[in-house]
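1. What follows is a predicted structure for the sequence shown.
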Amino acid sequence: MSMNQRPVPESATRATPSIAVIIPCYGVGESILGLLKDIGPEADQIYLVDDGCPKHTGDLVEKGSTDTRVKVLQHESNQGVGAAVITGYRAALEDHCDIIVKIDGDGQMDPALIPRFILPIIERRADYTKGNRFFYVETVQNMPWIRLQGNIILSFLTKVSSGYWRIFDPTNGYTAVHAKVVKNLPLDKIARDYFFESDMLFRLGLLRAKVIDIPMASIYRDEKSHLRISRIIPGFLTSHLANFTKRIIYNYFLRDFQMVSVGIVLGIPMILFGVIFGIIQWASGSIAGILASPGTVMVASLPILIGSQLLLLAIGQDISNQPDEPVYPDL
């Protein structure tokens, strides 16, 4: 290299990443045509997945859209939003796309935000990005109150089950993901229904993928949502408990053994011993009309105090264990 020749920036030597957009559709109809027109030139491929839509959205797009980027994928019957997204993921992988964006077809997600979602992945700052409708306080006022309450509950449950303690709004379907991450996900095991987004975070956590929130505002129009918070919470509770149990076993007993493991192994038995011993002594003392001695009280309370401290230590360690570096820094 001569003295006057400048080094070529790495970004200039790297090919422009191929961007795919997945749009699962159920009960959308003709409004999808307007959404497709709003998707900018940053998208190289658009996969519209008709998930057994009663309004035949896929057929409408095939007849009414002239966008050569659009490919319509049909499900003969409704399989769930997760199944539709996974169908899109597989199609994007077959076409060797580098980053895969997912937006809903109901018009509540602005396609103009796509560059904001893919930029952290292009800049090697994240493996997976997702929307957060709670970042701007002003926009939260537009969200229906029952949905706001449900999202707060589901956000906390997802933090616990996935280990991503710094994210919020887990049911937000506006996402972007590194294609190499998708290749390493067990797509056949991920939830096919509305638990898809939360289950994705659990699976991403097992891969140690870095996830960040992208602030956004939702657009609430006249579209009817098929999501009913009151109906899904019971099922979500069971699924979150299962994912939490698997995450703890995988991360802190099978793959590694650290202070979180010690806190669980010692803390829980100590608390249980203190509670059970205390109840037995209280019950027997009540029957006999005898007050418990200071020593008996100490034997019951001390394990509870120490066990609680150990569990708090384990929780603190788990919170700090969230992935901070992308697993796949190269496109």
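-> In hand now; what should we look at?
2. and F168, what does it touch?
-> The neighbours of F168, taking C-beta atoms under 8 Å, 6 or more residues apart in numbering as the test, are N132, F134, F135, S155, D213. No exception for glycine: its C-beta is placed from N, CA and C like everyone else's.
3. So T171 sits against L154, correct?
-> Yes: here T171 reaches L154: they are 5.8 Å apart, a contact under C-beta atoms under 8 Å.
4. Give the residues shared as contacts by these two.
-> Residues touching both T171 and L154 (C-beta under 8 Å, 6+ apart): S198.
5. one step back: of the contacts of F168, just the buried ones, ChimeraX syntax please.
-> Command for ChimeraX, covering only those of the contacts of F168 found buried under the criterion 16 or more other C-beta atoms under 10 Å:
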select :132,134,155,213
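6. Just flag the most distant two among the contacts of F168.
-> By the measure C-beta to C-beta, F135 and S155 form the most distant pair in those, at 12.5 Å.
7. Okay, domains of this structure per the record?
-> 10-252, 257-320 (automatic domain parsing).
8. any idea which of those is most buried?
-> Per residue and on average, the most neighbours among the domains of the chain fall to domain 10-252, with a mean of 18 (mean count of other C-beta atoms under 10 Å).
9. so how far is it from its chain's centroid?
-> Put simply, domain 10-252 sits 9 Å off its chain's centre (C-alpha atoms, centre = their mean, to the nearest Å).
10. same deal with stretch 270-285?
-> Stretch 270-285 sits 40 Å away from the centroid of its parent chain (C-alpha atoms, centre = their mean).
11. Using PDB, write out every CA atom in that stretch.
-> This file holds the C-alpha atoms of stretch 270-285, laid out as PDB (Å, rounded to 0.1, in the frame of the first residue of the first chain):
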ATOM      1  CA  MET A 270     -33.100 -23.900  54.000                       C
ATOM      2  CA  ILE A 271     -36.200 -21.900  53.500                       C
ATOM      3  CA  LEU A 272     -38.400 -25.000  53.300                       C
ATOM      4  CA  PHE A 273     -36.800 -26.400  56.400                       C
ATOM      5  CA  GLY A 274     -37.400 -23.200  58.400                       C
ATOM      6  CA  VAL A 275     -41.000 -22.900  57.300                       C
ATOM      7  CA  ILE A 276     -41.900 -26.500  57.800                       C
ATOM      8  CA  PHE A 277     -40.100 -26.700  61.200                       C
ATOM      9  CA  GLY A 278     -41.700 -23.500  62.300                       C
ATOM     10  CA  ILE A 279     -45.200 -24.600  61.400                       C
ATOM     11  CA  ILE A 280     -44.700 -28.000  63.200                       C
ATOM     12  CA  GLN A 281     -43.400 -26.300  66.300                       C
ATOM     13  CA  TRP A 282     -46.100 -23.700  66.300                       C
ATOM     14  CA  ALA A 283     -48.900 -26.300  65.900                       C
ATOM     15  CA  SER A 284     -47.500 -28.600  68.600                       C
ATOM     16  CA  GLY A 285     -47.100 -25.600  71.000                       C
END
